[in-house]
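[1] Please find the sequence and the predicted model below.
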Amino acid sequence: MSARFNETDRSNERYVKFRPTELQKIAGEALQQDYCSDIAKFAEGGFNKVFLLRAKNGCEVIARIPTPVAGPPYYTTASEVATMNFLRAVLKLPVPEVLAPPRARFPRPRPRPRPPVSVLPLPVSPLFVLRPRPLPRGCPRPRPRLSSYDDGSRCTERSCVRGLGEDCACWVLAWVLAWVLAWVLAWVLAWVLAWVLAWVLAWVLAWVLAWVLAWVLAWVLAWVLAWVLAWVLAWVLAWVLAWSSISSSVCPIVFSDEERKTAIAESQEWNESEQLLSRVRENLDIDPEGGTEPENFERAVEVNRQFRMEMVRQAEVGEEELSWRNWPYKDDEDDSMPPGDI
């Protein structure tokens, strides 16, 4: 099912005019070359504004043209660049190196053959593009995405993000501090508990025997409490020390109060629209891509038509045609007008 509407207007909003020759020249400067002779556009992704450029020495650069509708023009790109620099320079993760905003350098991925896809031969209504789900044959099981270091060697999730126990200095320091704090607390509690137990037991037993029993019980409880507190405090302090040593830099991206209010208002409108569309999908029994089971196809087509008619009925005066055309679950080529008998 197509969830696009006003496709012409949306395409105009995403349109960016640029000169490929200038892009090749800028990419060459980023690689300290005069020019990138080869340029190729990636198949999909980033609204088809991602290009692979190769210089004469074999170095490759991936250049992405910012999408105008992704967010505030300056803040969106600056946020992406700041995030990637932070991950690479501070956290030492093998993310692409940003040569110049918004360009990044990393090894070219090798294309993989796609599995054959068969589609159920079901009819498609001219008023509703509710297509059956594609049925992949022989698809491999999902696998985690692999990254590479600069030397081409593979890196795994374990080598990217280490556990707390693998950082020896941080762990030893946290354990020492935890033991000191735990024993201080245990000594204080043992002293208080010994006095309380001694006074209580002195009423029943002899004073000397009461003191002996009180101190024995207090020390046993203090020892157990010290071990428990030591383990808990060690983990807490290890996390605090690990994250506090990452960076003390202030985020360079700052939004004004007006921009925050605008973003919140827009997000609320989108959330309300998404909730409405989710309820429609539940009634139609379709997935976000418009797929449905073959036995549900005809029913979904009819229910969708009823939803569309009801939306036009509830539209304000003069907005009936707009409501009809903006209905998301229809054919991309559907330029029909709303029925006159609504």
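    Looks like it came in fine. Note that the structure is predicted; figures quoted are calculated from it, not measured.

[2] Report pLDDT for residue 185.
    On pLDDT, residue 185 comes in at 77.

[3] ah, wrong one, I meant residue 86
    Taking residue 86 on its own, its pLDDT is 79.

[4] what's the spacing between it and residue 99?
    Computed as C-beta to C-beta, to the nearest Å, the residue 86 to residue 99 distance reads 16 Å. Using the backbone N, CA and C atoms, a C-beta is placed for each residue, glycine as well.

[5] Return, as residue ranges, the portions of the stretch 1-150 of the chain with sub-threshold pLDDT.
    Along the stretch 1-150 of the chain, the model assigns pLDDT under 70 to residues 1-7, 10, 43-48, 70-75, 100-150.

[6] Kindly recompute the last result at 50.
    For the stretch 1-150 of the chain, applying pLDDT under 50 flags the ranges 1-3, 102-150.

[7] what's the lengthiest helix in the chain packed up against?
    Secondary structure of the chain per DSSP state H: the longest helix is helix 207-244. Judged by 3 or more C-beta pairs under 8 Å, 6 or more residues apart in numbering; DSSP states H and E, the packing partners of helix 207-244 are helix 168-202.

[8] angle of the helix it packs on against helix 207-244?
    160 degrees (axes from the mean of the first three to the mean of the last three C-alpha atoms, to 10 degrees).

[9] could you show me where the strands are in the protein, in order?
    38-41, 50-54, 60-64, 97-100, 103-105, 117-119, 134-136, 147-148, 154-155 (DSSP state E).

[10] From the contact counts, what lies against the third one?
    Think strand 60-64. helix 20-30, strand 50-54, strand 103-105.

[11] Turn these into a markdown table, including distance to residue 196 and mean neighbour count.
    Shown next, in a markdown table, are the helices and strands packed on strand 60-64 (distance: least, C-beta to C-beta, whole Å; neighbours: other C-beta atoms under 10 Å):
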| stretch | distance to residue 196 | mean neighbour count |
| --- | --- | --- |
| helix 20-30 | 73 | 16 |
| strand 50-54 | 71 | 20 |
| strand 103-105 | 66 | 19 |
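
[12] can you give me the end-to-end distance of stretch 314-322?
    Stretch 314-322 has its terminal residues 12 Å apart, counting by C-alpha to C-alpha, to the nearest Å.

[13] how about it: buried residues?
    Going by neighbour count (16 or more other C-beta atoms under 10 Å), the buried part of stretch 314-322 is 315, 320.

[14] And stretch 81-94, by the same measure?
    81, 82, 84, 86, 94.

[15] May I see these arranged in JSON lines, with distance to residue 304 as well?
    Shown next, in JSON lines, are the buried residues of stretch 81-94 (distance: C-beta to C-beta, whole Å):
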{"residue": "81", "distance to residue 304": "43"}
{"residue": "82", "distance to residue 304": "44"}
{"residue": "84", "distance to residue 304": "42"}
{"residue": "86", "distance to residue 304": "46"}
{"residue": "94", "distance to residue 304": "46"}
